[in-house]
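Novice: Pasting a predicted model and its sequence here:
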Amino acid sequence: MKYKYTTVDLALLAVVAAVFGAVFTLAWTPYYAVKAIGGKLAAVLLTYGIWYMAAPLAASLIRKPGAAFFGETLAGLVESLLPQVGGFSCFIYGLGQGIFSEIAYAVFRYRKYGALQATLAGALPAIPSLLLDILLWQSVYPPVVFTILLVLAAASGAIYGVLGYLIVSKVSPRR
Amino acid sequence: MRVNPSVLFIYGLSLTIMAFALRELSALAVLALINLTMGVLLGGRKYRSLLLAFAVSLIGVWVNALVFAGGEPLLTVGPLVVRSGAVKGFLEVSLKLSLLLSATLIFSSLTSPRDLLKSLESELGLPKQLSFMVSLSLRLLRIFEKDLAEIQLIRRSRGLRPIPLTPGEWASLISPLLSIGLERGKWVGVAAELRGFSLRKIERTRINLHSADVALLALLVAEIVLALYIHLNPLDVSFK
Amino acid sequence: MSIVVNVEEAGYIKGRPVLRDINLELGEGEVLLIAGPTGSGKSTFLLLLTGVLTNLLYGYVKGTVKLFDINPLDPLEFSLVPKYVGIVLQSHELQIAMQTPIDEVLFVLENLKYPKPMERARLYLLRYGLLSKAGEDVENLSGGEKKRLCLASSTVHEPKLLILDEPTANLDPWGVAEVVKYVREMKEEGKTIIITEHKPDYFLNLADRVAVIEDKTLKTGKEYFEKYLSRELRFLHTSTSEKTSVEAESMSFKYCKECPLIFKKTSFSLKRGEVVAIVGPNGSGKTTLGKIISGLLKPLEGRLLLMGREPYRLKSRELLRKVIYVPQEPAYFFVKTSIEGEVKLASQVSGLEYSKVVEKLDPWIRARLRDSPYTLSYGQKKWLSQTLVSIYGSRVVVLDEPTAGLDINLVYRLFKWMLELKKEGRTVIVLTHDVRVVKDIADRVLVVCGKQVSELSISDAVEYLEAPVLEVIK
């Protein structure tokens, strides 16, 4: 019973996807700005987590299995369907990140949707995201760089994962 | 030309997957040549800004390649050393990116997200819950983009950066969107339910393929075969 | 009786009822008009009636509801509610789920398995004057068109009961007139209609029954209704100063190169210490004008001066001292995640000591400093944003549709606050459709129409805003 999605849950997932669809685009500006000043590593630490944030936020809000996965994947899909340079790659990134984020809640058997789970759910998507980056960019960046990036991206994801949890608990404290 | 939206989606997605998976420069070059030509012919005019953004991103790729790549120096201009790895890396990444771009150009110029959802729901049996979520978020995206612009204006008027940098600033930007969003989500869900969403049953219609669809699918198969062939028998393109 | 409600208690959390002792019997073809303060439970009543409260929102109901021949509280019969009910919500953003008008209308017909859905959908779009926009993106429709779309998609399946939750909210007078006209048509067709409204005069002539939701209960009968509406709002129109605060000299504006001109070489001037109402149809450029005055947008040609300075050239701190823009949606005014943060930021900018500012705050705000502003109710959010505006002390205050969504008591408090600002010699600019602002508090009225800003006398302005509606009410 508690696992079944109501139409309101579906609509809320659509809201999360749309909010992040709008926000994701905005994240490129600070990414490039920080990259220009502080280098790629600083940029990754400060912004990568934003792209992983839809999952922990959706899960903290809806508190049902699959919410993390759908929140992130849907956000990527919506981005993909609109004409933009990245094309359908956003969907593939979203899919990978959504699956890994979901793991954070699955290992707790969907009993807890707290700050710890949100931290994990924010950090885990760094793995698929960096693996996909390797497939696309390996010929440019050497493996050492990718390892450092992975650590930073996971740290960034953890920060924004908790942030997603906090936002939900402030904005929608009753649930 | 009318092409089945689901076929276009599959085609675009396959191109994207190949962009991730392929490593062989010559295979990438052939695919990119075919599809970028198609993409530019179909949507080059309408999506000129995308082509421009793509060109700009290539500059970034080139700079990264110069900084990070190894290999023999090919050219030295003052302190700047162009290594062979940089040229190869630049070519590979930019060909991959151009495949991603062509997928979007082809898809967007021949169909719309709305038609895709209809086709996916009725022809491929996509669950109604999924198509509802996707079409709703596409509609909400437009609204949230407007809201976001409004919030940014007000941030500026209240003396804050319109584009957030720190996590705290991101929280203060996402919170109002989410706060309004929750209200919207609740009511849109209620309204959809009161308009019979739970009774919805979309009858499956048989997927109807026209000659253009068949041609596109055939092209896709040919491209996959070609890519595999080149992968197994690499052409001798060397940067030694 | 087609609708019978006998409910002892209802709410979201057991033991905390939002509604109590609701008894209502409504015959087929009757029109019920409900008024009541913001947050009194009007919406909850509609959710209770349709079974949404218990079946979708995990609420509870002690009692019975009969909707024609079904019991909406029963989980199985709940799924049949859509066949009997059409509902129009306050805001189209809360209702329209699809991207184009035709899809929005088809959605209902497909769900309910109507034969030949496309033909029927087109017929209803035609009836509501939207056929030519069937495939347009909903976001490109005007406010009035979106409202008509909501009406079309909630009546296309011929429901016996039509529920309208504040159907005139955010509409300009012409939009209101259209809605009233369509509601009259539906009454003539014999539909049972339930309307909730903050400005009930629009539907008074159509209503067979009137009620008020107050003190958690539904009070039917004229005596309650009239008592609720009898509050007097009127304030005196007085102008205090001769110095100009805002002055435009042949100003033009457009949003982008290819965009159409919003203003074309228009000139006007405002005095200090005035309450100025800016009226005009939806989409005429009222909000744009408000943003130009607030220094958020830059004129294309000509000049706009705010106390002698061009606002868009000012640094944010200096700008805030001169002018502040308050959006219609109060949530978008907040930039911090706690109320404390908001108050601190405002006192910082205006150079006041935080501890002194806190002392002067309303007690309820002081008690909730740690909370996020987004946990407040709609009325409280508006109140908090007004408080912040007072702290900032900006000389010119631009309010975008400040009365939207407020009940009569909150409007009264808003007007009193505006008078306080005026006493301090501040200029209050109100972008509005609300005739009450013009009638009861404005010193001057400007109308935005045909790319020009021009002055109207108060009486002309009242007529301008009331005439379209009066014509259909009669």
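Specialist: The structure has been received and is ready for your questions.
Novice: So which elements touch the helix or strand harbouring residue C:121?
Specialist: Per DSSP states H and E: residue C:121 is located in helix C:117-127. Contacting helix C:117-127 under the criterion 3 or more C-beta pairs under 8 Å, 6 or more residues apart in numbering or on different chains; DSSP states H and E are the following elements: helix C:101-111, helix C:143-155. Every residue, glycine included, has its C-beta placed from N, CA and C.
Novice: Do the longest one and chain B come into contact?
Specialist: To tie it back to what came earlier, the one meant is helix C:143-155. Yes - using C-beta under 8 Å from any C-beta of the partner chain, helix C:143-155 reaches chain B at C:153-154.
Novice: what helices or strands is that helix leaning on?
Specialist: Here helix C:143-155 touches strand C:85-88, helix C:101-111, helix C:117-127, helix C:173-188, going by 3+ C-beta pairs under 8 Å, 6+ apart.
Novice: wait, is residue C:24 part of a strand?
Specialist: Yes - assessed with DSSP: H, G, I helix; E, B strand; the rest coil, residue C:24 lies in a strand.
Novice: quick revisit: which of the residues in the helix holding residue C:121 are buried?
Specialist: By neighbour count with 16 or more other C-beta atoms under 10 Å in any protein chain shown, helix C:117-127 contains the buried residues C:117, C:120-122, C:124-125, C:127.
Novice: next one: it to chain centre, how far?
Specialist: 29 Å (C-alpha atoms, centre = their mean, to the nearest Å).
Novice: relative to helix C:101-111, how tilted is the longest helix along chain B?
Specialist: Ranked by residue count under DSSP state H, the longest helix found in chain B is helix B:128-157. Angle of helix B:128-157 versus helix C:101-111, following axes from the mean of the first three to the mean of the last three C-alpha atoms, to 10 degrees, is 140 degrees.
Novice: thinking again about what came up before, make CSV from the helices and strands packed on helix C:143-155 and add mean pLDDT to it.
Specialist: Compiled in CSV, the helices and strands packed on helix C:143-155 are given as follows (pLDDT from 0 to 100):
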stretch, mean pLDDT
strand C:85-88, 94
helix C:101-111, 95
helix C:117-127, 95
helix C:173-188, 93
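Novice: Could you dump those into TSV with distance to residue C:317 added?
Specialist: Formatted as TSV, the helices and strands packed on helix C:143-155 follow (distance: least, C-beta to C-beta, whole Å):
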stretch	distance to residue C:317
strand C:85-88	45
helix C:101-111	46
helix C:117-127	51
helix C:173-188	39
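Novice: do you know which of those lies nearest residue C:224?
Specialist: helix C:173-188 (22.4 Å; C-beta to C-beta).
Novice: Return the angle between stretch directions for the closest one and helix C:117-127.
Specialist: Using the same axes, to 10 degrees: helix C:173-188 against helix C:117-127 is 120 degrees.
Novice: Tell me which residues of the longest helix of chain B come out buried.
Specialist: Neighbour counts over helix B:128-157 (16+ other C-beta under 10 Å) mark B:128-145, B:147-148, B:150-157 as buried.
Novice: Intersect the residues you listed with the contacts of chain A.
Specialist: Checking those against chain A (C-beta under 8 Å from any C-beta), the matches are B:129, B:132-134, B:136-141, B:143-145, B:147-148.
Novice: pretty sure residue C:229 contacts residue C:407?
Specialist: No - assessed by C-beta atoms under 8 Å, residue C:229 is found out of contact with residue C:407, at 10.8 Å.
Novice: quick one, which of these two is more surrounded?
Specialist: When residue C:229 and residue C:407 are compared for neighbours, residue C:407 comes out ahead with 20 against 15, by other C-beta atoms under 10 Å in any protein chain shown.
Novice: Next one, pLDDT for the more buried one please.
Specialist: Looking at residue C:407, its pLDDT is 84.
Novice: Look up how far chain B lies from it.
Specialist: Plainly put, residue C:407 is 18 Å away from chain B if you go by C-beta to the nearest C-beta, to the nearest Å.
Novice: That residue reaches residue C:36, doesn't it?
Specialist: Yes - under the criterion of C-beta under 8 Å, residue C:407 makes contact with residue C:36 at 7.2 Å.
Novice: closest to residue A:95 among the buried residues of helix C:117-127?
Specialist: The closest of the buried residues of helix C:117-127, once distances to residue A:95 are taken by C-beta to C-beta, is residue C:117, at 33.3 Å.
Novice: Quick one: the helices and strands packed on helix C:117-127 as JSON lines, columns for mean neighbour count too.
Specialist: Output for these, formatted as JSON lines (neighbours: other C-beta atoms under 10 Å in any protein chain shown):
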{"stretch": "helix C:101-111", "mean neighbour count": "24"}
{"stretch": "helix C:143-155", "mean neighbour count": "24"}
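Novice: pLDDT weak spots in the stretch 151-300 of chain C?
Specialist: Counting by pLDDT under 70, the stretch 151-300 of chain C shows low-confidence ranges at C:230-241.
Novice: That one: strands as residue ranges?
Specialist: C:161-165, C:192-196, C:209-214, C:217-220, C:244-253, C:263-271, C:275-279 (DSSP state E, counting those that start in this stretch).
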